[in-house]
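In: make a model of this:
(2 chains)
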Amino acid sequence: MSADLNAPAHPTDAPEAPNRTSVPNPREPDSPAALAAPAAVAHASDRGARIAAVAIALAWHVAIALPAVLSARAEFAAPAVVLGAWILVAVTGAVAGVRLLQGSPLPPWPLAGLLLVVDAAVFAAAGERQLFTAANWVWGTLGWFFVLAVWGRRVVGLIALLGTHALIALVAVLGHGPDPADVARYVMYVYGTFSLPVAVFVGSTVIVGLARERAGVSAAGHAMAAERDAAERGLRERRDRLALVSSAAGRVLGDLAAGQADPDDPEVQRRCMLAAARLRRLIAESDDVPDPLLHELRAAADLAERNGLPIDLVTIGTPPPLPVEVRRRLADPLTGTLADARGWARLTVVSGADEVVVSLVTPDREGPESTGPPPGEHDDGLVQYLYERDGNIRWAQTRWRR
Amino acid sequence: MGADPVAAVTGDRPVGVAIVDDHPVVVEGVRAWLATEPRLTVLATGDDPDAVLRAAPDADVVLLDLRLHGRMALDKLAELSAAGRRVVVYSEHTDPQTMLAALDAGAVAFLAKHEGREHCVETVLAAASDRPYVPPALAGAMVGDPRPDRPMLSDKEREALLLWFQSMSKASVARRMQISEHTVKQYVDRARIKYTRAGRPAATKAALLARAIEDGLVRPEEIGIYRSQATHDRPTP
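Out: Model prediction:
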């Protein structure tokens, strides 16, 4: 007769069981991974740009500057200085590139200072005839190493370095006698050395920013979707349970109306109690997205109810976000006691900003203690636990205070 | 109003009760509950408060279902309470906000429909003599009241409310707190009396407070400044 309420055997219960375990706890504190996602996307995007910048700088230095230096080495004013500077920048640039890719860049300003000294030395050592040739490699290469030196900083630093580079070049050009053709060439070269590195530098910064923003928006969207999902699942689950309760309650009422069930029959009374308790609990659930603690307690109450125990779960207030450990210690002793409960049970949760008290009251009966912790009062520093039986009721209570 | 609704009910005649509910089956159920208590008599029932009170102008207590024809009857509750009607609200809507709103509007007590016969009879009897009765559901709403302007309760009052809400047994609360059952009831009732200050003043609140002072449950200074209308509304017996 009561198989319809002793749920496991009943077919309408079937969809409920899998749902129970699959409803996520939606208000878990955000995991570090979820919070770091936008930063990780930005980091990946930035890493791509770094690789490109290091590759451009080293490739230019080796593939274009080196052959030109070697072929013109006899025509420099001081070949050893030009060649030595090339080697110095190649080594320093390689180290700076590797360190940049590893995420521990060399200190920018000493590196920039070194590059500027090299700049001045090469201009002085190149000589008038090689001033505007590819053999004067600082024109083409140095801008890219500036980019590596001040990577990730504001663009004004790069512009200042390139400006100093332009000044050094101007002094060199004018030092060889002010020729209008040289000045025109100088302007062209300066434009050439400025434009590309600045474009790459600014471009990469913008792309990283956009990637970070887009990843942030997408993460927020995912979080919202997850919350909506949990709410929809909660709603669906509640609808399923309403259907289940309605059919069970309807059957009892139908039996009573048809005279097939006797209101004096304890079994019929128990069925009525169960159906009423379930309806009450459904009506009392007012939260859209269940709090993790209430979710756990509800799951325990549902389990007890499926075993035929009429149970009231009354919640007052919403618990503040609690560490998992506190939540566990609040809920576990009571769910353990609930497993042994007979007759009826009343589970209450009263929550404020600084206090959460969970209580389970069941009728006392002969027999050994329940499987919960021993009687009396215990305090483990996190949660106070109290259990007693007075012949009338068994009363377990857990209490957390901030 | 023809009756002097706040006049104390004398012990000679039974307490007249009016039941307002839009579900006939509930009306019949409550009537059956109250019929078990000889000190109570149901004078009129119906789904329209005005019509019911026209039929029973001398009703001492009105049992009002808060949800009538799909609408929350809080305005009607406030109107009746302001006029001095002792209204006991009973509802299946037991969320704390609704219960506290009913107290604010002047309800003498709030009873959850599932709380059963005993609480129903107790509440109506207490209401008729302007004495507080706090069923467990209402105790829960009071102890979890999150409003910043909520009445200040003492630690003992809070604990008594909390344990009463949890256990629904004053004997068990008394054992737990190591005090007498009478003292438990006092703590709970004192907390309820402090709620007569919440919301706007109503004749029913003044009557509750006046009776509490008369009974020695609270001293006027414990309640704080309160523009007592009690002295005007009810002459001392």
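
In: what about the residue in chain A sticking out farthest from the centre, distance to residue A:252?
Out: Within chain A, the residue lying farthest from the chain centre (Cα atoms, centre = their mean) is residue A:177, at 62.1 Å. Residue A:177 sits 111 Å away from residue A:252, going by Cβ to Cβ, to the nearest Å. Bear in mind the C-beta positions are built from the backbone N, C-alpha and C, glycine included.

In: now residue B:169
Out: From residue B:169 to residue A:252 the distance is 28 Å (Cβ to Cβ).

In: for residue A:266, same thing?
Out: Applying Cβ to Cβ to residue A:266 and residue A:252 gives a distance of 14 Å.

In: ditto for residue A:336
Out: Applying Cβ to Cβ, the value for residue A:336 to residue A:252 is 31 Å.

In: so between the two, which is more surrounded?
Out: Legend: neighbour count by other Cβ atoms under 10 Å in any protein chain shown for residue A:336 and residue A:252, higher for residue A:252 (21 against 16).

In: packing partners for the helix or strand containing the more buried one?
Out: According to DSSP states H and E, residue A:252 maps onto helix A:180-257. When contacts are defined as 3 or more Cβ pairs under 8 Å, 6 or more residues apart in numbering or on different chains; DSSP states H and E, helix A:180-257 sits against helix A:16-22, helix A:32-59, helix A:138-149, helix A:155-175, helix A:266-284.

In: what's near enough to touch residue 121?
Out: Assuming you mean chain A. With contact set as Cβ atoms under 8 Å, 6 or more residues apart in numbering or on different chains, residue A:121 has these partners: A:81, A:85.

In: wait, I meant chain B there
Out: Neighbour list for residue B:121: B:33, B:34, B:36, B:37, B:40 [criterion: Cβ under 8 Å, 6+ apart].

In: now do the buried residues in stretch A:62-77.
Out: A:65, A:66, A:68, A:69, A:72, A:76 (16 or more other Cβ atoms under 10 Å in any protein chain shown).

In: tabulate these (CSV), appending distance to chain B and pLDDT.
Out: Shown next, in CSV, are the buried residues of stretch A:62-77 (distance: Cβ to the nearest Cβ, whole Å; pLDDT from 0 to 100):
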residue, distance to chain B, pLDDT
A:65, 72, 86
A:66, 75, 88
A:68, 78, 85
A:69, 78, 83
A:72, 83, 82
A:76, 82, 81
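
In: which two from these end up farthest apart in space?
Out: Comparing all pairs in the buried residues of stretch A:62-77 by Cβ to Cβ, the longest separation belongs to A:66 and A:76, at 14.1 Å.

In: got any ranges where chain B has weak pLDDT?
Out: Residues of chain B meeting the criterion pLDDT under 70: B:1-12, B:222-237.

In: enumerate the residues of it near chain A.
Out: B:92-96, B:114, B:137, B:140-141, B:143-144, B:146, B:162, B:165-169, B:171-172, B:175-176 (Cβ under 8 Å from any Cβ of the partner chain).

In: among those residues, which ones are buried?
Out: Those of the residues of chain B next to chain A that meet the buried threshold are B:93-96, B:114, B:137, B:140-141, B:143-144, B:162, B:165-169, B:172, B:175-176, by 16+ other Cβ under 10 Å.

In: narrow the residues you listed to those in strands?
Out: If you go by DSSP state E, those have nothing in strands.

In: what about the helices in chain B?
Out: Secondary structure of chain B by DSSP state H: the helices cover B:24-35, B:49-55, B:74-82, B:96-104, B:116-128, B:136-143, B:155-167, B:170-177, B:181-194, B:203-214, B:220-223, B:230-233.

In: could the ones you listed go into JSON lines alongside distance to residue A:343?
Out: Shown next, in JSON lines, are the helices of chain B (distance: least, Cβ to Cβ, whole Å):
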{"stretch": "helix B:24-35", "distance to residue A:343": "23"}
{"stretch": "helix B:49-55", "distance to residue A:343": "39"}
{"stretch": "helix B:74-82", "distance to residue A:343": "36"}
{"stretch": "helix B:96-104", "distance to residue A:343": "27"}
{"stretch": "helix B:116-128", "distance to residue A:343": "16"}
{"stretch": "helix B:136-143", "distance to residue A:343": "18"}
{"stretch": "helix B:155-167", "distance to residue A:343": "15"}
{"stretch": "helix B:170-177", "distance to residue A:343": "15"}
{"stretch": "helix B:181-194", "distance to residue A:343": "23"}
{"stretch": "helix B:203-214", "distance to residue A:343": "36"}
{"stretch": "helix B:220-223", "distance to residue A:343": "41"}
{"stretch": "helix B:230-233", "distance to residue A:343": "45"}
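
In: out of the ones you listed, flag the one nearest residue A:303.
Out: Closest approach to residue A:303 among the helices of chain B (Cβ to Cβ): helix B:155-167, 21.0 Å.

In: for the stretch 51-200 of chain A, which residue gets nearest to chain B?
Out: residue A:154 (46.8 Å; Cβ to the nearest Cβ).

In: residue A:353 belongs to a strand?
Out: No: assigned with DSSP: H, G, I helix; E, B strand; the rest coil, residue A:353 falls outside any strand and is coil.

In: from residue A:125, how far off is the residue of chain A found nearest chain B?
Out: Per Cβ to the nearest Cβ, residue A:316 is where chain A lies closest to chain B, at 3.4 Å. To residue A:125, residue A:316 is 84 Å away according to Cβ to Cβ.

In: the more surrounded of the two?
Out: Of the pair residue A:316 and residue A:125, residue A:316 is the one with more neighbours under other Cβ under 10 Å, namely 25 against 19.

In: what sits against the more buried one?
Out: By Cβ under 8 Å, 6+ apart, the contact list for residue A:316 reads A:348, A:349, A:350, A:351, B:96, B:140, B:141, B:143, B:144, B:165.

In: who's in contact with the first one?
Out: Neighbour list for residue A:348: A:313, A:314, A:315, A:316, A:357, A:358, A:359, A:361, B:140, B:165, B:166 [criterion: Cβ under 8 Å, 6+ apart].

In: name the nearest residue to the residue of chain B at minimum distance from chain A, sequence neighbours excluded.
Out: For chain B, the residue closest to chain A is residue B:144, as judged by Cβ to the nearest Cβ, at 3.4 Å. Spatial nearest neighbour of residue B:144, chain neighbours left out: residue A:316 (3.4 Å); criterion: Cβ to Cβ, 6 or more residues apart in numbering or on different chains.

In: and the one you found, how far from residue B:136?
Out: Using Cβ to Cβ, residue A:316 is found at 11 Å from residue B:136.

In: quick check: neighbours shared by these two?
Out: residue B:165.

In: quick check, residue A:282 in contact with residue A:238.
Out: Yes: counting by Cβ atoms under 8 Å, residue A:238 is a contact partner of residue A:282 at 6.5 Å.

In: if I look at those two, which residues touch both of them?
Out: Joint contacts of residue A:282 and residue A:238 (Cβ under 8 Å, 6+ apart) do not exist.

In: any low-confidence regions in chain A?
Out: Using pLDDT under 70, the flagged stretches of chain A are A:1-37, A:284-290, A:367-374.

In: just give the number of residues close to the nearest residue to residue B:164 once chain neighbours are set aside.
Out: Computed as Cβ to Cβ, 6+ apart, the closest residue to residue B:164 that is not its neighbour in sequence is residue B:139, at 4.8 Å. Residues within reach of residue B:139, counting by other Cβ under 10 Å, total 24.

In: show me what contacts residue B:139?
Out: Residues in contact with residue B:139 (Cβ under 8 Å, 6+ apart) are B:161, B:162, B:164, B:165, B:188, B:191.

In: thought the residue of chain B closest to chain A was touching residue A:353?
Out: No: with contact defined as Cβ under 8 Å, residue B:144 does not count as touching residue A:353 (11.1 Å).

In: ok, the spatially closest residue to residue B:145 that is not a sequence neighbour to residue B:158 distance?
Out: Among residues not flanking residue B:145 along the chain, residue B:100 sits closest, at 6.1 Å (Cβ to Cβ, 6+ apart). Note on residue B:100: its distance to residue B:158, by Cβ to Cβ, is 15 Å.
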